[in-house]
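Visitor: Provided below for reference: sequence and predicted model.
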Amino acid sequence: MTTKNKIFSIAISLSAAFFSAQNNTVRTFNLDLKESPVPVKIQPTMYGIFFEDINFAADGGLYAELIKNRSFEFDEPFTGWKQPNTKTLSPNLDSGFLTIYSDPAKTNKNYARITVLNNKNYILENEGFRGIGLHQGEQYDFSFDLENVSGNIAAVNASLVDENGKEISSVSTLIKGKGWQKYTAVFKAPKTVEKAKLRITFTGNGIVNMDMISLFPQDTWKGRKGGLRKDLVQKLYDLQPGFLRFPGGCIVEGRTLAERYQWKKTIGNVADREYLINKWSTGFPHRLTPDYGQSFGLGFFEYFQLSEDLGAEPVPILSCGIACQFNTAELVKMENLDPYVQDALDLIEFANGDSGTKWGRIRTEMGHPTPFNLKFIGVGNEQWGADYIEHYKVFEKAIHAKYPDIKIISGSGPSPDGEFFEYGWKELKQLNAQIVDEHYYNSPEWFMKNAGRYDHYDRSGPKVFAGEYAAQSVGVVKPDNKNNWLTALSEAAFMTGLERNADVVYMTSYAPLFAHADGWQWTPDLIWFNNLKSYATPNYYVQKLFSNNKGTDVLKIESNGKAVSGQEKLYATAVKDAKNKEIIIKIVNADTQAKTVNIKPGTLKMGEKITKILLSAPQLSTENSFDAEPIKPKEENSETKNGEISTEIPANSLVVLKVKVI
Ligand code: AHR
């Protein structure tokens, strides 16, 4: 090495050492708290839930039915069913066979005709949704509709079998008479099995028709018969969501108009709800799920009821007469739009009308005489372009003519910027739209960089519904996306900006919500589950910390007179909770070095006790799983000094500080 090179190399080492010494020094930030000059209220709807039936979120997930294709309505009507001893579908003299009969006059058209020729051999099995999950000691309601066509089937024998095909529980139901009847029995699970099957055999040889073969845990949310999976609803409840958006998502729009979500077909008697293929069954070639249908057992009545259970505002989103623009983009002509608009008007009557109205009566007959007090409705999900604006205008006029108090949510397309987004916003602003839905699936870096996104939004324009967002660790719709700490941390940084701008941002929700570990199409997702368990992602805990600590009024928190929005990777928001008389400060440090913050309360007076909630992880790549949740909020207490807070915000962490106002 020449002398010149040596000197150069020493200089590089020295400067590296200097910078590293500098980096190791804990930087101190002085943050000033003050009341906003113009009071800014945080809407009760600030943090909510986006529910879409994607990733087996409804059938196979939240809707606790354990039998897949219980009424043989799938396009491939044998989906989920097997006859292990029947070699062909044609008459099999050694056992029996099943054929599908159909009654076109009915909404639930199909039923199974089972011809039992040799009951010693004939077996019918259902595989459930990637198996049937059973919990030791729990009871399961088994039911089916049966017509004893030939009159000589004496009993239906059903059993639950484990992964090895071993029977673990059985019930036998005597058949009475010939006509269609509902039969019920109760299984008790002697052990926990993740992937059990239902096996049916018969006593006697003959012909029966069967429909609605169903199995439900008794231990559902609120113990409702045919209800929702308790552990999953509990996770939603724990979020204390301000709203529940349903039923999506692109599922609202459908791949074609015929496949759009039609709420009227999802209410009334569960057995009469018309089956529809789920759009996500073919959503992505790399995650095909041909056995993904919609029984609508979780339909609009149940969504309203769930909203009520959660204390969340119901936010239904309806088709505006445009099928998913990523699929066919099929468009209803303006002159044919009336039925779509009528669906929206009727939905408001279904939710809010008294029992003297047509749709209010149907709600009453379903067991809910008191109105659901609907305040919001979404027109279209993720539409874009001039056709959407034209359709929106018709809906807006009709809805507000009849229901002037209902707040309408309109959409700005699938991206947070670009031509369609700009166009949508420009038009909607001119139309004095009330709330505009924005969607962003983007990199963690994007989320951190955009923490100030709403700082400069027009304060007199429409309010924002950040209706779908999630940081993507690899890329949008990439199957390798992870719910890791980096994504959650970047969302937390971004959310400080949502909260700081609560005068513009009225509603926000992470998307998608649920994913079945064996049946998903889209990742990342907020809550993962299998047939037995569920776990909360780091992203879930970020949502929970913000939502559980949303407060009522925005406070200013500044460093050198500026909002804390990424200076040295520090992000902050502060609120007052008028009900609990608390100041709540949320700080995200996305740096690899810890930082000390000294928070001066200005004219506000803080109590002594500080509750500090910390969410952090060993690595940015750390994830939670079914086995462990290494990323979970941890709480500790400390005290203010001289009426100020001085505390450390560890590297790559979200910290929530709570202190009483005195
Ligand atoms: O959340 C998944 C999908 O992403 C939604 O259905 C759609 O609105 C968006 O494109």
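Guide: Received it, and whenever you're ready, just let me know what you need.

Visitor: only C-alpha atoms for contact and neighbour calcs from this point on.
Guide: Fine.

Visitor: Looks to me like residue 390 is in a helix.
Guide: Yes: applying DSSP: H, G, I helix; E, B strand; the rest coil, one finds residue 390 inside a helix.

Visitor: My understanding was that residue 26 contacts residue 596; is that so?
Guide: Yes: using Cα atoms under 8 Å, residue 26 is in contact with residue 596, at 6.5 Å.

Visitor: Does residue 339 fall in a helix, a strand, or a coil region?
Guide: Looking at residue 339 with three-state DSSP, the answer is helix.

Visitor: for residue 655, same thing?
Guide: Going by three-state DSSP: residue 655 is strand.

Visitor: any weak-confidence spans in the stretch 151-300 of the chain?
Guide: Of all residues in the stretch 151-300 of the chain, none has pLDDT under 70.

Visitor: So which bits of it are right by the ligand?
Guide: 248, 249, 250 (Cα under 6 Å from any ligand atom).

Visitor: Write a ChimeraX command that selects only the buried members of those residues.
Guide: Here is the ChimeraX selection string for the buried members of those, based on 16 or more other Cα atoms under 10 Å:
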select :248,249,250
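
Visitor: got the residues of the stretch 151-300 of the chain next to the ligand as JSON lines, with secondary structure columns?
Guide: Shown next, in JSON lines, are these (three-state DSSP):
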{"residue": "248", "secondary structure": "coil"}
{"residue": "249", "secondary structure": "coil"}
{"residue": "250", "secondary structure": "helix"}
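
Visitor: Export the residues of the stretch 151-300 of the chain next to the ligand as JSON lines, with columns for distance to residue 56.
Guide: Formatted as JSON lines, those follow (distance: Cα to Cα, whole Å):
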{"residue": "248", "distance to residue 56": "13"}
{"residue": "249", "distance to residue 56": "14"}
{"residue": "250", "distance to residue 56": "15"}
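
Visitor: now, which of the residues of the stretch 151-300 of the chain next to the ligand sits nearest residue 437?
Guide: residue 249 (11.5 Å; Cα to Cα).

Visitor: Spit out the contact partners of the residue nearest in space to the middle of the chain.
Guide: Among the residues of the chain, the one closest to the centroid is residue 513, at 2.6 Å (Cα atoms, centre = their mean). Residues in contact with residue 513, defined by Cα atoms under 8 Å, 6 or more residues apart in numbering, are 49, 50, 51, 52, 57, 525, 526, 527.

Visitor: And the residue in the stretch 1-150 of the chain that the ligand sits nearest to, how close does it get to residue 479?
Guide: As assessed by Cα to the nearest ligand atom, the ligand sits closest to residue 52 within the stretch 1-150 of the chain, at 6.8 Å. From residue 52 across to residue 479, the span is 18 Å (Cα to Cα, to the nearest Å).

Visitor: how close does the residue nearest to the centre of the chain get to residue 65?
Guide: 19 Å.

Visitor: now residue 354
Guide: On the measure of Cα to Cα, residue 354 and residue 65 end up 31 Å apart.

Visitor: Please apply the same query to residue 187.
Guide: In terms of Cα to Cα, residue 187 sits 14 Å off from residue 65.

Visitor: Those two: which has the busier surroundings?
Guide: residue 65 (26 against 22; other Cα atoms under 10 Å).

Visitor: More neighbours: residue 52 and residue 479, which one.
Guide: Under the criterion of other Cα under 10 Å, the comparison of residue 52 against residue 479 puts residue 52 first, with 21 against 16.

Visitor: Now do the closest residue to the ligand within the stretch 301-450 of the chain: how many residues are near it, please.
Guide: Proximity to the ligand, evaluated over the stretch 301-450 of the chain using Cα to the nearest ligand atom, is greatest for residue 382 at 5.4 Å. The number of residues packed near residue 382 is 26, by other Cα under 10 Å.

Visitor: In contact with residue 560: list those residues for me.
Guide: The contact partners of residue 560, by Cα under 8 Å, 6+ apart, come to 30, 31.

Visitor: which residues sit in contact with the residue nearest to residue 304 when sequence neighbours are not counted?
Guide: Once flanking residues are discounted, residue 304 sits nearest to residue 314: 6.0 Å by Cα to Cα, 6 or more residues apart in numbering. Residues in contact with residue 314, defined by Cα under 8 Å, 6+ apart, are 243, 244, 245, 246, 303, 304, 307, 308, 374, 375, 376.
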